[in-house]
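Peer 1: Would you be able to build a 3D model of this:
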Amino acid sequence: MSSDATGANARPAALDAGPLGYLALGLTLLSYGLLQTGILHHTHVTDAAGLAHLVGGVALFIAGLWQFRSGDTFSGTAFTGLGAFWAVWAAGVGSMAGGRNAAGLFLLLWALLALTLTAASWQAGLFSRAVYGLLTLAMLLAAFGTFGSSDGLLKAAGWLAAVAGLISWYWATAALTNSGWGRAALPMK
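Peer 2: Reported below is the predicted structural model:
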């Protein structure tokens, strides 16, 4: 996660799209996760496609490009990579034209990106590890649940995604609040 740097690594706060990226990621994961769990009657995970495309895909991708521009390679990679994931997921959601094996493979391959982000974020703090670690587990469970047509695994993946979304949303809220108040009002590590 991007953070306030000092010294040679300092960046103007105006160049930091981290809060936008983590807010977009958080809202998308929360929507996808809650709909995947089935706790909301008469809804399905495909109902998250619009939000996933525009917020999780477009806004997240733009935030990633912004982070690259400001010199934050980690957040730039995370946001553009996950933005691409959500855009592709939203475009193909519900159709499963290739069948469940193709959908499972899609999720499994993107779990590799999430695993890479988890490893790369290990020194960035608890919130970063939690977001990407839970995302990795959610994608793995979703992949195996898709391969095996297991509603239980898919629901578990939804809960993990929802918790990752809440943590990402909190991080964005803390970053914006702390920036606006000019002090550490909410913990971020």
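
Peer 1: Can you find the helix or strand in the chain with the smallest mean pLDDT?
Peer 2: Across the helices and strands of the chain, mean confidence by mean pLDDT, DSSP states H and E is lowest for helix 49-51: a mean of 78.

Peer 1: ok, residues contacting stretch 151-164?
Peer 2: Stretch 151-164 has contacts (Cβ atoms under 8 Å, 6 or more residues apart in numbering) with 29-30, 32-38, 45, 130-132, 134-135, 137-142, 144-146. Where C-beta positions appear, they are placed from N, C-alpha and C, glycine not excepted.

Peer 1: Longest helix of this protein, counting residues only.
Peer 2: helix 151-181 (DSSP state H).

Peer 1: that older thread, mind checking how far the least confident helix or strand of the chain is from the chain centre?
Peer 2: Offset of helix 49-51 from its chain centre (Cα atoms, centre = their mean, to the nearest Å): 14 Å.

Peer 1: any idea which helix or strand comes after it?
Peer 2: Next along the chain after helix 49-51, taking DSSP states H and E as the criterion, comes helix 60-70.

Peer 1: re the thing from before, could I get the buried residue list for the least confident helix or strand of the chain?
Peer 2: The neighbour-count check on helix 49-51 (16 or more other Cβ atoms under 10 Å) flags 49, 51 as buried.

Peer 1: Read off the pLDDT value for the residue at minimal distance from the centre of the chain.
Peer 2: Note on the chain: the residue nearest the mean C-alpha position is residue 25, at 3.9 Å, using Cα atoms, centre = their mean. Residue 25 is assigned a pLDDT of 92 by the prediction.

Peer 1: OK, contacts around it?
Peer 2: 56, 60, 79, 82, 131, 165, 168.

Peer 1: again, but for residue 62
Peer 2: Counted by Cβ under 8 Å, 6+ apart, residue 62 has contacts 17, 83.

Peer 1: repeat that for 10 Å
Peer 2: Contact analysis of residue 62 by Cβ atoms under 10 Å, 6 or more residues apart in numbering lists 17, 20-21, 24, 79-80, 83.
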